[in-house]
Each structure stands twice: as C-alpha cells, then as structure tokens.
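S.K.: pasting the sequence and the predicted model now:
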Amino acid sequence: MIKHNETILVVEDDSQIRNYISYILKQEGFPYFTTGTAQGALSTLVSQRIDVMLLDLGLPDFDGMDVIAKVREWSEMPIIVVSARDQDKEKAAALDAGADDYLCKPFSATELLARIRVSIRHLYKSRREQVQPVLSVGDLSIDLDKHQVFIKAEPLHVTPMEYSLLTLFFKNMGKVLTTQYLIKEVYGIGYGTDTQALRALMAGLRRKIEPIPAKPRYILTEIGVGYRLVDE
Ligand code: CA
C-alpha cells in the first residue's frame, strides 16, 4: 500500500457516509480525522495539521458555508464540498465562497480519490507558486509565455477573450470553475450575471479546440455550476 503524507479531514454528520469515506481513505493509506459538526471541524483544524478538507454542507450546528468562510480567513487549504446531486445553486455558491471542488452524493471511491488527487496537486502547486509556461492536455496545449495555443503542435488562432478563458482553465486543470467566477475573470467585475456572453464565448472556443464540439472532451460542462478542464 502506498503511504500518503497528506492528512484529510472528513466533516460529515451522516455516519454511514462518514464511515464509507473513512474506509476508502484507510484503504488508500491516507491519514485522516473525522467529525460530524462544524464546531468539530474548526477545532480539528486548529489543533491538527490538515491538508485537505472534505466538507458536507448540511451540518447540525452551523452551515458548511460558514465553515468555508471561516477557514478562508486564515487558510488556502483545498476544500472539497460533498453535496446532494440536485443542489446546483448550493454547489456554485460553495465554490464562489472559496471551496475548490465538489462531489455529488452518491459518489464512488474512484471519484472521491480523483478529487483528492487533483486537490493535492493544486496544494503543492500553490505552495511552490509556480506555473509551468507550457501546459497541455491531450492534443491541446498552451504556452503562457508566448501567449500561444496549439493543437497537435500546430498554432491555433484564438481571440484575446478565448485566450484568457483558456488560461484560467489551464491554471486550474481538473478543477470546476463556476460561471460567476469565469464571468468576473474574463469580463471583469460589473459585468453582472450575464451568462449568455460566456456561453457564446465557450461555444466559439469549443468549435476551435474540440474535435466534436457537441461532445466536448477537453472542457466539460458541469450542469448548473460551471465548467471543468479535464485533467489527464
Ligand atoms: Ca449532512
């Protein structure tokens, strides 16, 4: 068994789900702590070295959203929200409040571990605080120094807006980015909640980068929440 150094905190009041997650983490060799309350989460965070937090939003004492806000006052640690499948608004709000990703119940061990792997990678990336100049996924690559996009090493013409959108995805590979976040980053604050423009921009970009734009393999739609660049 591979030993991991990253300690996971599981915050979940449903004991069945808590045990399920614990079982997976134990199998995978992750050290972990568990708690069923927001209070428990905060006291564990101040007394232990925690690298990644799995957070259920519906907790008996405080809302999980309050935990995110509190933790973000002092830490940039990855927070993965565990939420029910039909609560798109809640997922988006949690991401906008500072969560890094989310998992929908019910989820498989593979999904859970994939999310944890992505968050650990981002944890080290942000600790090193360096982004490699050339990033790629499949046949698609971007050179952040030269401001150039390539498909199969062939330069691809993109507009400045498409380029800035693509840059955001490559800097957050594997991570879901909310519609609100993308609008703010690409168009600036004050653009409001006009999702139409972003959707048009995304459609144009997909026509350029996706082999089959109607079935994207690079930038996936997370319905009701936003988009995610696949992490291969
Ligand atoms: Ca709950």
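M.R.: Alright, I've got the coordinates. Keep in mind that this is a model prediction, so the values were computed, not measured.
S.K.: give the contact list for the residue of the chain found nearest the ion.
M.R.: Among the residues of the chain, residue 58 lies closest to the ion, at 3.6 Å counting by CB to the ion. Just so you know, the C-beta spots here come from the backbone N, C-alpha and C atoms, and that holds for glycine as well. For residue 58, the contact set (CB atoms under 8 Å, 6 or more residues apart in numbering) comprises 13, 64.
S.K.: let's see 10 Å
M.R.: Neighbouring residues of residue 58 by CB atoms under 10 Å, 6 or more residues apart in numbering: 12-14, 64, 82-84, 87, 90.
S.K.: get me the contact residues on this structure for the ion.
M.R.: Contacts of the chain with the ion, taken as CB under 5 Å from the ion, map to 13, 56, 58.
S.K.: closest to residue 29 out of these?
M.R.: residue 56 (23.1 Å; CB to CB).
S.K.: backbone dihedrals for that closest one, both of them.
M.R.: Residue 56 adopts backbone torsions of phi -80, psi 140, taken as degrees, to the nearest 10.
S.K.: one more: the one 3 residues further on?
M.R.: As for residue 59, its main-chain torsions (degrees, to the nearest 10) stand at phi -110, psi 160.
S.K.: so what's the nearest residue to it once chain neighbours are set aside scoring on pLDDT?
M.R.: Residue nearest to residue 59 in three dimensions, not counting chain neighbours: residue 38, with 4.8 Å by CB to CB, 6 or more residues apart in numbering. On pLDDT, residue 38 comes in at 95.
S.K.: how many neighbours does residue 38 have?
M.R.: By other CB atoms under 10 Å, 22 other residues sit near residue 38.
S.K.: now do residue 136
M.R.: With other CB under 10 Å as criterion, residue 136 counts 15.
S.K.: partner strands of the host helix or strand of it, parallel or antiparallel?
M.R.: Take DSSP states H and E as the rule and residue 136 turns out to sit in strand 134-137. Strand 134-137 pairs in its sheet with strand 140-143 (antiparallel), by DSSP bridges.
S.K.: run through who's touching the strand it pairs with.
M.R.: By CB under 10 Å, 6+ apart, strand 140-143 touches 132-136, 148-153, 155-156, 158, 163, 166-167, 169-171, 208-210, 217-219, 229-230.
S.K.: gap between it and the chain center?
M.R.: Between the centre of strand 140-143 and the centre of its host chain there is 20 Å, according to CA atoms, centre = their mean, to the nearest Å.
S.K.: what's whichever helix or strand comes after that strand packed up against?
M.R.: Where DSSP H and E defines the elements, the next helix or strand beyond strand 140-143 is strand 148-151. The contact analysis (3 or more CB pairs under 10 Å, 6 or more residues apart in numbering; DSSP states H and E) places strand 148-151 against strand 134-137, strand 140-143, strand 154-156, helix 160-171, helix 195-209.
S.K.: immediately after the fourth one, which helix or strand?
M.R.: Along the chain past helix 160-171, the next helix or strand (assigned with DSSP H and E) turns out to be strand 176-178.
S.K.: other residues contacting that next one?
M.R.: 91-96, 99-102, 115, 118, 165, 168-169, 171, 184-185, 219-220, 222, 224-229.
S.K.: what's the neighbour count on the residue lying closest to residue 229 once chain neighbours are set aside?
M.R.: In this structure, residue 229 finds its nearest non-sequential neighbour in residue 169, 3.8 Å apart by CB to CB, 6+ apart. Close neighbours of residue 169, defined as other CB under 10 Å, add up to 23.
S.K.: return the residues in contact with residue 169.
M.R.: 135, 137, 140, 142, 175, 177, 182, 205, 218-219, 227-230.
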